Structures are given as structure tokens and as C-alpha cells.
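Asker: show me how the following folds:
(4 chains)
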Protein chains: 4
Amino acid sequence: MAPRTLQIACAGLGRMGKRHAHNLLHRSPRSSLVAAFTPDPVEVEWAEINLVPYGVTIYTDYDAMLAHSGLEAVLVSTITTVHAEQAIKAIEAGKHVLCEKPLSTDAAICQSVVDSALQHPTQKVMCGFSRRFDASYRDAYAKTAAGVIGTPSIIRSQTCDKIDPTGSFVKFAATSGGIFVDCSVHDIDLILWFFGATGSSTVKSVVSSGTVALHPELKDYNDADNAVGIIEFYDGRVAYLYCSRMMAAGQEDTTEIIGTQGKLVVNGQAQRNLVGIFDASGSRRELPAHYYERFGEAFVSEVNEFAEACLDGTDLPMGIQGAVDAVRIAKALQDSLISGKKVRFDEKGERV
Amino acid sequence: MAPRTLQIACAGLGRMGKRHAHNLLHRSPRSSLVAAFTPDPVEVEWAEINLVPYGVTIYTDYDAMLAHSGLEAVLVSTITTVHAEQAIKAIEAGKHVLCEKPLSTDAAICQSVVDSALQHPTQKVMCGFSRRFDASYRDAYAKTAAGVIGTPSIIRSQTCDKIDPTGSFVKFAATSGGIFVDCSVHDIDLILWFFGATGSSTVKSVVSSGTVALHPELKDYNDADNAVGIIEFYDGRVAYLYCSRMMAAGQEDTTEIIGTQGKLVVNGQAQRNLVGIFDASGSRRELPAHYYERFGEAFVSEVNEFAEACLDGTDLPMGIQGAVDAVRIAKALQDSLISGKKVRFDEKGERV
Amino acid sequence: MAPRTLQIACAGLGRMGKRHAHNLLHRSPRSSLVAAFTPDPVEVEWAEINLVPYGVTIYTDYDAMLAHSGLEAVLVSTITTVHAEQAIKAIEAGKHVLCEKPLSTDAAICQSVVDSALQHPTQKVMCGFSRRFDASYRDAYAKTAAGVIGTPSIIRSQTCDKIDPTGSFVKFAATSGGIFVDCSVHDIDLILWFFGATGSSTVKSVVSSGTVALHPELKDYNDADNAVGIIEFYDGRVAYLYCSRMMAAGQEDTTEIIGTQGKLVVNGQAQRNLVGIFDASGSRRELPAHYYERFGEAFVSEVNEFAEACLDGTDLPMGIQGAVDAVRIAKALQDSLISGKKVRFDEKGERV
Amino acid sequence: MAPRTLQIACAGLGRMGKRHAHNLLHRSPRSSLVAAFTPDPVEVEWAEINLVPYGVTIYTDYDAMLAHSGLEAVLVSTITTVHAEQAIKAIEAGKHVLCEKPLSTDAAICQSVVDSALQHPTQKVMCGFSRRFDASYRDAYAKTAAGVIGTPSIIRSQTCDKIDPTGSFVKFAATSGGIFVDCSVHDIDLILWFFGATGSSTVKSVVSSGTVALHPELKDYNDADNAVGIIEFYDGRVAYLYCSRMMAAGQEDTTEIIGTQGKLVVNGQAQRNLVGIFDASGSRRELPAHYYERFGEAFVSEVNEFAEACLDGTDLPMGIQGAVDAVRIAKALQDSLISGKKVRFDEKGERV
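Answerer: Residues are numbered from 1 along each chain as shown, chains lettered A, B, ... in the order given. As a prediction, this is how the structure comes out:
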């Protein structure tokens, strides 16, 4: 008799939802994907072929899915605008919840999910910042915590997507919350994590600048296709960010943690795999085409560790409050991009 | 109703057998590990804790395991000396077989497994050359086959293990077949694969030299802790090898495929992960500590693709005859190491 | 009869002056070092041994040196505080002038040198931004100008010195102008150069933040040991900077020029030479210990190209006005570090 | 009064001779190029423009050049076939001699130069193995000698030229001595140097194999465009070689010194400079186009250190006997390429 597995449902079967469903089915030994929700007929069709044969029940109504017999947990992977509502519903229905980032592009709404989670302390609620589950980031974190680089004092972090000549992200700009909220939120989460490991990580101010190098129409959305930002902390430490939609070579997410005795660089030399190509153009390496090629394994670890915590009642590898903080800071950077002004916070995290 | 899975048993629960059992249980969605065999009481104890809870039946008798009701396939991961016998028994019992490399350190015994497989053409029989399943080698192969480097003309390939100060491999020397059979057999398999993709790969001669830099006692076994070899092919192409037990930094398995219009290098810059460490000693990267840290994912792909071929009746990703050829060439290199003489083959592959 | 050489004097024989004198004597075929000036008895002693045997006359009075018979040019390499005065004196005495950077830490004083140069248009006056003479930066510039990366839109540039546990730079803080003026002025010069190649490079605003990770006493000088900054340009482009005195591994000056079709990275993987070291700590490379180990060859090119322009009456490889602009921007970044406020410029380059 | 300089002549003004003449004129402060010899009218014309203005006397007769008043030293850079004769003449005329490698493609003729040198012990005679003067090789040697990698046990070394689609080296095959004598002689010299640093370096046997991947006409000269070889030493150590005319990306000369406690790699990641290029093909680096782009600085050091030894009467940085040994071993490898047989040496270095 195999040990019991987590009875989980996947809400949303878009690009990322499909991947989560696949991971839950085939790469998460302690999870059983029993249900999935999508209102989209095309996604339902995909599910008929790819999920139903494995015994997954498909719902086109979220509440019906929540009522699936024996359901213990929900992975929310729908569009961002309904994350919070669906997460809260699931929490209130007594389910553990793993929600794709961000909980919302609005910090207050993010906070409402956290508040709901706090009222249900026996349930596990996690927002999926996938990089926290990446082997290289974890190694860097362990080394930082072990004092390998002394005290981390400066962090540089960038999230840079491969250029998409079709500009598909432009139409996404209306709801994405902007490039800092969409991309840099990962970097901000990492910065809070790494600085938090060795002291306080209370933000004092942020300031940013951006440019529209390729897509002038982004200006209509107060957005940019490349942007940089600086985050000051109350303890004097500083982080700086770069986000871009314009990397010609591929996905290039790099983080440097610079300490008083050394530095760690995660992904300083982006690469798709271990193949070097030597030809008339020199020696080269290909890069990952997108974030999932870079972080695919991290998403697998994420669902596995979530399942473990739910089944064994152990602590989640990360708290939920950070998901609010990261969005709040990202939003302030986005505001600075528009206003050209520095945004300041008091020591309680409120904007002043 | 989930589609049916391959009912498979794992023979041998040593270091590698444990890993295979884990992969079959947790990382192979189309396999069901139903049985395992080990004569070793310590391994049985491990299995009680790690396999029995998942419904795996443990056998201390190989034949009894073969008789397990509904069993369709066996993964042979016992010590090399019994690989061939167990593989043949399983084939004759009508099972699909995935056998750890090498089938034997003796080419004639290897051939006996192949002969048995040929008499049971509906069963899948594969020898696990794990590097064939590594994403980087596959990418290099695809690029080679696509003509990216013109005609491959020279291959350099090395299998270098991290230094083991305890010299545990010394006692293994008596049965390993020697460093070429134990280590370089992987490189030889790769060379036959890559050269085979673009023409003939009939070996004409081999010659080798070795040294005992750290473990003089290896001389008693006619073995070396570092060795190099050259393989000449009938079509004029050449490959050269290096194998070592003495890498200070970690596992370093590198292959260069040099063609008339470019070259591909697999693992030219060995690395454990994507973390760069900058300290007073400069900038550095850690290396994998052993082959499983380097090729762990390839072992997962191996069992998954084997299961697929068994269940769907499709072709295996590699034939079985190569497992004999690679051992025959490795053995000749080992002989040359001892005799100091070149070993020649006729065009049918027989030594002259 | 060999062609005539440039009769040049070296003013200042400190750390950098000694290097310049050596280069003029031994590595600049078209220069003849005929005189040197230093008020420092220890430096005079050094000159007796290292310069006098080559026929160099040593002066302890700058004006006397200027009056050296046949003198055509002066390389000013004294302390920053006298750069401008000495440069202007030399210009007014009819000499060509190569002045170490910066002309001054005060933009108005810098401008006075430029004004003097403008009044003597037949004389060559250059401020030595050595990176402009580095082979890798030049290659990157040529590729940028050739359109290899499309339109450069974002530049990241850092000047990071190896950590100096003695903190010798702290006492230098009183006169250095601060970390942006001392270190980032190089990056700013590069940014103006690269952006200038493909359009306007009029600065709109700067903002910065810094931290004192190692040397709290720097606060007394309104300085930092690590700082970051953002520069906005009127055409919408953006550059961002990092400067540090705290690199554990060595000198690490890196520049990324990110364009609409690609990016160029200069020194993305800092290295002292081509040696890789593999040991129990992994695989590593050493870094240059200081800027002269990194840029030594560039200083040689600098004096050679200056001599060429003087002798042949050809254009200098770079104009002098940039030396004012770079200091003005660096000073604004330093001011922002102190005030915490963004500094804005009008389109004529005046602070508003 | 400047200290006296070495009065030196350059014999031969071909591709390499021009470079030497330039270095002696402009980059060697202690050398004075006073004379040059070439029988070639085109080269004389070049010399009229590039050397005569600097006071260099041009001779079309070697003996006349030797008789140049005050001449102290000769740099022999003519075609290989006359190296030995001209070197011996210069030695007998009382001159110091720096001779381009190889002294001859015939070991006996090489030895005649050495014999002549031994009869004139007060004169400096050096064969220019340029890699000995390369900063990276020297750093690797210093680290090896300092015990950083324990005892060096295995060396891998390759000399790989950029592919030349015109195949100009084919017509050179008749006189080059073959690919091992032309290319690998550098690697052999390095191996003798590195192994010699830590023990004996007496060669026991060599064996080699080659292929003609691009230029079948090389077979007419018993030559190959790619070849590999193994060298066994009497103390049990082993080196292995690769030489090629077929590198698509550029010059790629790599050496690995593998010891009992670590390894050093020189040029494991070949690169032209410090520029990384990121575009749709990935991230890449250009490679040096030819050996002079890679080793140009080493050639400058070579003439400078030779001049120093001549002027100051100090030891040369390397002995002359190695130039014979390296050719003898290279020749044996070339013979093995043709015969397919191992070539053995007795402990005195004689072939058996």
C-alpha cells in the first residue's frame, strides 16, 4: 500500500497551468492531480486528451472544482486578475493553496489573501516564487547564510526576457501591472530573501528609470520595455535592478550578491546546456529561450515541496507575507518610472 | 482510469540500484516498480523503509523475482559479473530488459546477451549508456546530424572521476575490467554513435598508454589510474581518449566532436550549477562530485524512454549491438595498456 | 637617420607617473622622454636610477621643466589638485598636453583647461581616459558603430577595485571628489562615447545611492565604498552604474552595451590571464589585482597615439570636452548620493 | 647618456621576419636594429620604407650582413631550410644568435647548431619557442613548480590553426617536416619543460595517428591535416597531443597539466579579447585568427629577454638542447604517423 498522496486540483490550464498539471501528474510522486478547472473550451479539449486519461476530472466552474470529493489542495494558475479571489475561496473552503505569482498586481489585494491565510493557520498557503526552488539560487543562499561572502551589502538582479518580435507582451501591458511588477517582482523577492538572511530588509526608498527602445506603444500604458531601479534599505544596504523584454540571445536572469568578503553570481554566464559551438563566428553557447527552459526544474521542486508540507504538516519553505512586500515594492518602482520621483517608505513599510 | 504502466522490477539495490529504484518509483510516470531483488540483508533493510511502503515486493532470490505476477520488465543493476546471466534469464522469461553497463567486461559474454535478445525480437533489450540520454549530448548529436560542423573527423572524449583519497576503486580493479572498460566504455559508445551518424565506424586499431600516479598497487591488476588511447577507424577518422581517477576538482567528462566546418564541445567548462564564487582566490565554479551529480537527469530519461518503448512497442533509442562493440574496443585498449602494442582489427571487427 | 621623435616631459613621478615615464622611455618608439618633474626627494632618487641613465633631465621646479630646451609636450601625472594649473601652464607655454584624468574634481576648473586648449587650437590637448585605448573596448565600440547590436539603448558599467584591507583610499577621500568622481568617471566617459556614437548623449538627470559596508569613516567625507547610480538621457536612453572598493577577487570593470538587436559585454568574465586552475575548490581563474594590471597595455597605446597626433598633426582619438562633461555628471551623482535627491540638467547641460 | 643597446641584425624579412624587425625597432628598448638581410626584392622594398628610415642597413647577402660593423647579435628568421647554416655562420662569426624554431626539421642538423654553440660558450644561442615567453604559460609553470597541482603526471597539449580554405599549408608540406614537426614541436617543448620541472623527462616511446579530413593531397607528402599522438616517458608519465589545420573558429592552442592534486589549463577557453557578443545565435566570443594574434606579446618578451642576457651576460631563460630533443620527438611522431608503428627510444634518447 503506497502512502497517501495529496489530492490536488489545478485551476487554469493556460501556458503555465498546462505545465503545472503535467508536473503534478508525472513529476510529483506525492501529489495526485484529481481535478482541473478552466472556463476555456480550447483548454478543456487539451485536458480531455492530456489529463482525463489519467483520471482527472475537468470542471468549467471553479466552485464546482472546489467541491470535488476529497480535494485537499488547489494550485491557482489562472490569469492574475482572479488569483486572489480564487485563492481566498479555496482557503475558505479549507484547502491548501499554491498560487502562481503575483497574488495580485495590487498590494492591498495581495494582503487580503495573506489575511485569509492567517485566519486558517492549519492550511498551507504559498505564493510560487519559482526561483526560490532553483538549485543554483539555493546553493547561493546556503553559501551566503554560511558566511562565504561575509555580509551581503549590495545585490544586483535582473530579469531579462528574450526579445519577442511579435511584441505579444504589449497587449499584456494593460493588466500586467508593468514591467517591474511582472518581471522584477522575482528579483525583489530574491533580494528580500538574501538580505533577510543576514539582517533587516526594510525598504526605505525606491527610484527607477525606463526606456521604450522597441515598443513606443508601451508609453500608452505607462510602461517600458527596459527599466532599471534602485532600492535603498533602512540598514543602509542597496539593491539595483534591471528588467528587459529585449534580450537578443535568450532568457538572462542574473543575480549578484556582493558581500564584504566575496560575491556570488547566479547565472553570470547564461547557457541553455553544456554544449559549446565553435564555428566561423567564434565559440558560442545558446541561451534558454524563455523562463521555463531556465527554471523548469524549479517548478517541479515547488509542487513537490508544497505537497510534502501539506501532507506532513511541516513548514513551507517560504512565508506568504513576502508576496505582498515584493508587489508593494515593485509597484513603487513602477510608479517611480512614471513620476520620475523617488518613492519613500516609513519603517513600517507604508509609503510616505 | 489512468493508462497502464510498465510493471517493472529492479535487480540489485546497491548504490546505483537504489537510484534506479527511486527513479522508477518517483520520476517515471509510466513505470510501476512492483518488485526488487537483492541478496544483501543491508539492502533489504533499506528496501523495507524506502520501497515496501510503495507496494514493492522484495525478493532475495532472482528467479523468484522473475516469477513475480504480472512482471513485464527488469532493470538489471547488480554487480557486473552477473549482469549477463540475469539479463539472459529475464529475456528468456519473456521480460523486457534494461541492463546497466557493461553487459560484461568480456565481449563474448556481452555477445551472448545480444544473441539472446535477437532470439526474442519482440522484447526490448537495452544496455544503459546513460550519456546517450543527456540533454547536452543529444543536442550535440542533433547538431552534428544536422551538419552544423560539417563532417566529424576527430573526436576527443574523456571520463575523469573525482579523486578518491581512499582509493576505493583499487579493490574494484580486480573485477572492473580495467579503467578503459570501466570508464572509457562510455566515451567509446559516444564515439561510435557520433561517427556512426555520418558514415562508417569500423575500428581499425587501438593503442594506449597509462600511468599510475597515485596508486602503485594498481599495477598488480595491470591497471592504471590515468590512461590515454587512440582509436583509428577504417575510413581514416581518429578518436582519442583520456580516462582518470584523479581529478581534484570533481567529475569532468568532456567530449569534443571536431568537424570540417566547426566543432562541438560537450562540457568544456565543467560546473556543478550556475553559481560563480568570487573570493580572494579568484572567480570559481564548483564541479559535480561524481557522475550521478552530472548525469542524474539522464538516468531518469533512460528509464522513462525504456518504459515508453516497452509499452508502446516503439523502437528503443539505441540498439544493443553497440554494447558489445564498445566493450570489445575498451578491452583492446586495456590490452594495449598492458602490452604496449597496437591492437588491430579486421573489417569485421575481429582482432588480428 | 631615424625620423624625429616627440620631445616630451613627464610631470609627477608617483605610482602612475613612474609607469608613464617607463612607457615613454621603453614602449613608445616615437616619444623621447627628455625631462621629468617631481618635487618629491624620494621620487627624485628613483629618477636618478631609472631615468637619468637614459638621458632624462630631472627638475624639482615645474616651470623650469617647462623651459627645457626643445620640449614639445608634457604628460601631467601629478596629484589631481594641480592637474589643471600645470596643464594650463604647459598649454600657454606652447606645449602639447596629455593630462591624467580627471582634469579636476571641479567641473568649472576642468572647463578652464578646455578653454585654454580652445585658445591654442594647434596644440594637442588630451585627458587620459585609458579605457578608450583598451583593445576590448575599442572592439566593442567598432562593433556598436557597425550596427552589430542595433541601437544601443541601455548601458551598464561598473568600476570595482579590489578590496584593500588597509583602507588606504579612505584618507584619499578628502581630495578624491568621491567614489563617483574617482571611479565612475571612467564609466561615464564610456557611456558618453558609446551613446554618442549612435545619437545624442545629453544627460537629463542622475540619481544615486551608496552604502558604507566596510569603512564607516567614509561617512565623514560624504562618501561611500559601494554606490549605484542611474543616468537618464534626453533621448530616453538610460545608463546605470556600480562602483565599489570591495571586490574580494580583484579588479572587475565590466560594461554591457545593450541594443535593440543584441548586446556586447566587455569583461563579463574578469580574468588575469588564460590560466584555469582546477583544485579541490573547483575550477577558478585569478583576476587582475588592480586597474594597471587590467589596463596596462591601454596606457601604452595612449602615449603612443598622443605622440603620433602631435608629430603628424592628425586628430587625437578623443576630444577634450568630454573630460568636463564626465566630471560634471560624476559630481552630480556624488551630490545625489549625499542629498538622496535626483539631480536634473537642462538640455544645455546646466543643473536645474 | 643612455646605456648601450644590443646591436642586432634580422635575417629574413618574410611574414615573421617583418614582425621581429618591428619588435626590435619599436618594442625592445635594449636592442638596436642596425642591419637586416633578405635576398627577396619585394622584402627589400618593404625594408626601404619600414626599416631604412630608422637607420637600418639592408643587405641582400647574408655574409655581408654578418660583417656589419659593430654587429653583436643575429636574429635568424629566414626559411627553415637555412636556419642551421645561418645560425652556425653567425655563431662562428662571434655573434649571439636567436633562431626561429625549428633549428631544422632534421634532428642531426639541429644538433650541429647546438654543437657549434657549445664550442662558443660565451655567446648566447637560443631557439625561439615563443610560448615559453607567454605570460599564461609562465604563470602555469610557476604554479606547477610551486607545487600547486602536486606532481604533474599527464599533459595534454594541442596546437590548432584556424582553417585556411586556400590550403596554403599544403604546398608548405614538402619542406615543413610534417604537422608534428611544424605544429606539435611547440607542445613537445612545453611538455619537456613542465615535466622537466618536477623530475626526469626522458622519452620512452611515441605513437601517433592522423587523418586527412580536408586536403587529400597531403597524403602525397605523408602528412595529415589532423593528428594525435602519445608520448610515454621512462618515469611512467604520459603526454598526449593533438594538432590540426582545421579549426573553424580560430587559433586554439590549449595545454592541460594534470597533477596529483589539481590541474592547470592554459587557454581552455580560447578568446581574442574580453568582448562577449550576445545575439540571436547565443553568447559568443571571437578567437585569435592566428598564432601571432595569440602570442604576439610573447615574441616581444622573447627578443627583450634575449637582449638582456646578451648585454648583461646573464643566463638565457631556456637552454638550446631542448630544441634538438623537441624536433627528434616530433620527427618520431611524424614517422609513426606514416608507419603506423610505435617508435621507441633508449634512455639516452636514441631510437631503437
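
Asker: correct me, but A:Asp161 touches A:Ala249?
Answerer: No. A:Asp161 is beyond contact range of A:Ala249, at 11.3 Å (criterion: CB atoms under 8 Å). All C-beta spots, glycine's among them, are computed from the backbone N, C-alpha and C.

Asker: give me the more crowded residue out of these two.
Answerer: A:Ala249 (27 against 22; other CB atoms under 10 Å in any protein chain shown).

Asker: and the spatially closest residue to that one that is not a sequence neighbour, how many residues sit next to it?
Answerer: Closest residue to A:Ala249 apart from its sequence neighbours, by CB to CB, 6 or more residues apart in numbering or on different chains: D:Phe278 at 4.1 Å. Neighbour count for D:Phe278, taken as other CB under 10 Å: 26.

Asker: quick one, phi/psi of D:Phe278?
Answerer: phi -110, psi 120 (degrees, to the nearest 10).

Asker: how many residues are close by A:Pro317?
Answerer: Residues near A:Pro317, counting by other CB under 10 Å: 15.

Asker: for it, helix, strand, or coil?
Answerer: coil (DSSP: H, G, I helix; E, B strand; the rest coil).

Asker: tell me how far it lies from C:Ser77.
Answerer: Here the criterion is CB to CB, to the nearest Å. By it, A:Pro317 lies 56 Å from C:Ser77.

Asker: before we move on, what about A:Glu286?
Answerer: A:Glu286 is 46 Å from C:Ser77, by CB to CB.

Asker: which of the two has more neighbours?
Answerer: C:Ser77 (26 against 21).

Asker: wait, isn't that one in contact with C:Ala87?
Answerer: No. Here C:Ser77 does not reach C:Ala87: they are 11.0 Å apart, not a contact under CB under 8 Å.

Asker: run through the helices of the stretch 101-250 of chain A in chain order.
Answerer: With helices called from DSSP state H, counting those that start in this stretch, the stretch 101-250 of chain A shows them at A:107-118, A:135-145, A:168-176, A:179, A:185-196.

Asker: what residues does whichever residue of the stretch 1-150 of chain A sits closest to chain C make contact with?
Answerer: Nearest to chain C, among the residues of the stretch 1-150 of chain A, is A:Ile149, at 7.6 Å (CB to the nearest CB). By CB atoms under 8 Å, 6 or more residues apart in numbering or on different chains, A:Ile149 lies in contact with A:Lys143, A:Ile257, A:Ile258, A:Gly259, A:Thr260, A:Gln261, A:Gly262, A:Lys263, A:Leu264, B:Asp279, C:Ala248.

Asker: can we see that at 10 Å?
Answerer: Contacts were defined as CB atoms under 10 Å, 6 or more residues apart in numbering or on different chains; by that measure A:Ile149 touches A:140, A:143, A:198, A:257-264, B:277-279, C:248.

Asker: ok, it to chain D distance?
Answerer: 23 Å (CB to the nearest CB, to the nearest Å).

Asker: tell me, how many residues neighbour the residue nearest to that residue when sequence neighbours are not counted?
Answerer: Once flanking residues are discounted, A:Ile149 sits nearest to A:Gly259: 3.2 Å by CB to CB, 6+ apart. For A:Gly259, the neighbour count with other CB under 10 Å is 25.

Asker: and if you look at A:Met318?
Answerer: 18.

Asker: dump the residue contacts of it.
Answerer: Counting by CB under 10 Å, 6+ apart, the residues that A:Met318 touches are A:Met126, A:Cys127, A:Gly128, A:Phe129, A:Arg132, A:Phe133, A:Asp189, A:Trp193, A:Glu302, A:Glu305.

Asker: also A:Gln334?
Answerer: A:Gln334 neighbours (CB under 10 Å, 6+ apart): A:105, A:176-182, A:184, A:206, A:208, A:210, A:222-224, A:227, A:229, A:343.

Asker: before we move on, which element is it in?
Answerer: helix A:321-339 (DSSP states H and E).

Asker: if A:Val228 is in a bridge, with which residues?
Answerer: A:Ser209, A:Tyr242 (DSSP bridges).

Asker: tell me the pLDDT of it.
Answerer: pLDDT, A:Val228: 98.

Asker: and it, how far from chain B?
Answerer: Distance, A:Val228 to chain B, by CB to the nearest CB: 22 Å.

Asker: in the stretch 1-150 of chain A, which spans are strands?
Answerer: Taking DSSP state E, counting those that start in this stretch as the criterion, the stretch 1-150 of chain A carries its strands at A:6-11, A:31-37, A:57-59, A:73-76, A:96-100, A:125-128.

Asker: tabulate these in TSV, adding columns for mean neighbour count.
Answerer: Listed next are these as TSV, based on neighbours: other CB atoms under 10 Å in any protein chain shown:
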stretch	mean neighbour count
strand A:6-11	26
strand A:31-37	25
strand A:57-59	19
strand A:73-76	27
strand A:96-100	27
strand A:125-128	25
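
Asker: in CSV, list those strands along with mean pLDDT.
Answerer: Converted to CSV, those look like this (pLDDT from 0 to 100):
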stretch, mean pLDDT
strand A:6-11, 98
strand A:31-37, 97
strand A:57-59, 98
strand A:73-76, 98
strand A:96-100, 97
strand A:125-128, 95
